[in-house]
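*Asks:* Could you work out the structure for the sequence below:
(2 chains)
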Amino acid sequence: MSRLFKLTKTCPETKARAGMLTTPHGSVPTPVFLPVGSQGTVKTLTPDDLKSLGVGMILANTYHLYLRPGVEAISKLGGLHKFMAWDLPILTDSGGFQVFSLGHLRRISDEGALFRSHVDGSEHFLTPEFAIEIQEQFGADIIMVLDECPPYGDSMESIRRAMERSHLWAERCQRKHKRKGQALFGIVHGGTFAGLRRQSAGFLTSLDFPGYAIGGLSLGEPKELMHSMLDETVPLLPEDKPRYLMGVGSPEDLVECVARGVDMFDSALPTRLGRNGAVFTRHRRYNIGNARFKQKKGPIDPDCDCYTCRTFSAAYLHHLFKAQELLAYRLATIHNVRFIMRLMEQIRRSILDGTFSSFRDDFIQGYRPTDAETRAEQKKKWLGARQEKHPENEVVY
RNA sequence: GGAGGGGUGGGUGAGAGGCUAAUACCAACAGACUGUAAAUCUGUCGCCUGAAAUGGCUACGCAGGUUCGAAUCCUGCCCCCUCCA
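*Replies:* Numbers count the residues shown, from 1 in each chain, chains lettered A, B, ... in the order given. From the prediction side, this is the model:
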C-alpha cells in the first residue's frame, strides 16, 4: 500500500477518481492541477498568491534550474523549497521535455542527451543518472525519470525507439534514485500508437514506480487521439498509484482526462495564455485585447471569485494589455489560475458527490474552447447545409 | 530679403523613371499558444466587388508638363524646417 496516494472515491459512470496525495510538504486532494514554474517561479505570482488561489502543488524544471542558478546555488540555499519560499509540495520535471522542445540544441544517444545551453551556448550532457542527481539535490517531493519526448507525427519506428530508450532511462533512473521521502515517477510513452502505449504501460508497471506519468501527449495530435491513448493506457496502470498526465491544462482537456482516470496534471497553458492576453470563462476563451472589451463594464468573468474579477472591469484589463502595463500579466494570470483551480475543485466535489458524469456533460456542452474551433464548426455546418441544398456543387477546401 | 533642406498611406519613415497600392516600425483589427528559450508568435491592414485568385477605382502637398510609362525628371504655386540678414 502506497503512503503517497490514497484513493477516496471512484465515479461509477466514468473512470474519474478522487484521492489524496501525501508528500513531505503536505497533502493535496486529487484530481489536482500543478501550475508550471519552470524557473522556480510561477510567472508573476508569489507563493502567497498561489496559496490564495488554491494552488496546492507546483511544477519546477530540472533543466532550467540546473542551467540557472545551478545546482550548487540551490542546494547551498537549502533546497528548492527554501530557495523559492514555497513550503507546499513541488514536482520537478526531469528535463525530458526540453530534450524535445529545445531539439535543435541537442544530440541524443542511449547514454543521454547532449544539450547546448540556450542561456550561454555551453554544452551539457544530461544522463538519466545526472537528472536524478540534480533532482535529489533540489529536493522536490516528486521527481521524474528522464525521458525522450518525440514530436507528434514521427514514424512508429522512431516513436518506438524513443520509447525503448525512455524505458532504458527509466530503469537507470530508478537504480540511481536513493533520496528518501521523494517519489520517482515513471513516464509512459508510445506516442499515438495503441500497441506501443500498452507495451510501455506494461513495462513501466513492472518496474513498480510509486506513480505513473503519461507523457508524449498533447503535442498537437487531435484530441480524440489523445483520449483514445488514455483509454488504452490508464486501465493498465495500478489503481492504487497516482496517474499524472503531463502537459495538459486546457479546461475541456482537464474535464475529459479526469473522466479517463487521470489524477494529476500540469501545464503552462493557463499562465502563458494569461500573459498573452487570453482569459478563460465558463463558456469560452477570450482575447482580452479585442475591441469588444474596450468599454466593458463588468468583470471578465462574472462567475469568477478571483481578485481580478472582484476588483476590476474587463475594460480596465483591456486597457492594461493595450498599454503593456506589467499589472496586466499578473491580473490575467491570477484569473486564469483561479479559473483552473476552481474547475478542479468542482470536478473533485462532483466526483465525491457522485455527480461527475453530469458535471462533465454540462461543462463540455457549454464550453467552446477557441474562436478558431467555433468558426470551424460554423463553417462545417454552413457547408453541410449548402451541400444539402446544392449537392451538385462540390466544394473543395 | 538671401542660402539650403523638406512635404509619401492613421503615425514615424524608406523609396529617387517600369520589379510600387508603395520597404520597415508603430497604431488598429483578428487569431494562436497545453511536462514555458514566450510580457511570445502569426495573419490582415487605400476604396469598391469577391470565399479567393483576380478585376475596377483613387493615391506619395497643389496645378501643369516631359515620357510608351512618374511618388521618382521639368516648370509654376502653396506650406514647413534650418542658417544668414
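*Asks:* how about the nearest residue to A:Gly216 once chain neighbours are set aside, what does it touch?
*Replies:* Nearest in space to A:Gly216, with sequence neighbours left out and distances taken as Cβ to Cβ, 6 or more residues apart in numbering, is A:His189 at 4.9 Å. C-beta coordinates here come from the backbone N, C-alpha and C atoms, glycine included. Counting by Cβ atoms under 8 Å, 6 or more residues apart in numbering, A:His189 makes contact with A:147-149, A:159, A:162-163, A:166-167, A:196-197, A:200, A:215-216.
*Asks:* Pull up the gap between the closest residue in space to A:Met163 that isn't next to it in sequence and A:Gly78, please.
*Replies:* Distances taken as Cβ to Cβ, 6+ apart put A:His189 closest to A:Met163, at 4.3 Å, once the chain neighbours are dropped. Distance from A:His189 to A:Gly78, counting by Cβ to Cβ, to the nearest Å: 34 Å.
*Asks:* likewise A:Gly211?
*Replies:* Relative to A:Gly78, and taking Cβ to Cβ, A:Gly211 is found at 25 Å.
*Asks:* next one: A:Ser206
*Replies:* Shown here: A:Ser206 relative to A:Gly78, a distance of 37 Å by Cβ to Cβ.
*Asks:* Burial check on A:Gly191, number of neighbours?
*Replies:* For A:Gly191, the neighbour count with other Cβ atoms under 10 Å is 28.
*Asks:* nope, A:Arg282 is what I meant
*Replies:* Other residues close to A:Arg282 by other Cβ under 10 Å number 15.
*Asks:* For the stretch 101-250 of chain A, list the residues in contact with RNA strand B, please.
*Replies:* Within the stretch 101-250 of chain A, the positions near RNA strand B by Cβ under 7 Å from any atom of the strand are A:101-102, A:104-105, A:118, A:144, A:147, A:149, A:187, A:213, A:215-216, A:218, A:220, A:223, A:246-250.
*Asks:* Sort out for me which of these are in strands.
*Replies:* A:144, A:187, A:213 (DSSP state E).
*Asks:* Now flag whichever of these is closest to A:Val32.
*Replies:* A:Ala213 (13.4 Å; Cβ to Cβ).
*Asks:* Tell me who's in contact with that closest one.
*Replies:* With contact set as Cβ under 8 Å, 6+ apart, A:Ala213 has these partners: A:144, A:185-188, A:243-246.
*Asks:* what pLDDT does the nearest residue to A:Tyr63 once chain neighbours are set aside get?
*Replies:* Leaving aside its sequence neighbours, A:Tyr63 sits nearest to A:Gly95 (Cβ to Cβ, 6+ apart; 3.3 Å). Per-residue pLDDT puts A:Gly95 at 93.
*Asks:* quick one: A:Gly95 and A:Thr62 touch, right?
*Replies:* Yes: assessed by Cβ atoms under 8 Å, A:Gly95 is found in contact with A:Thr62 at 4.6 Å.
*Asks:* what touches both of those two?
*Replies:* In contact with both A:Gly95 and A:Thr62: A:Ala131, using Cβ under 8 Å, 6+ apart.
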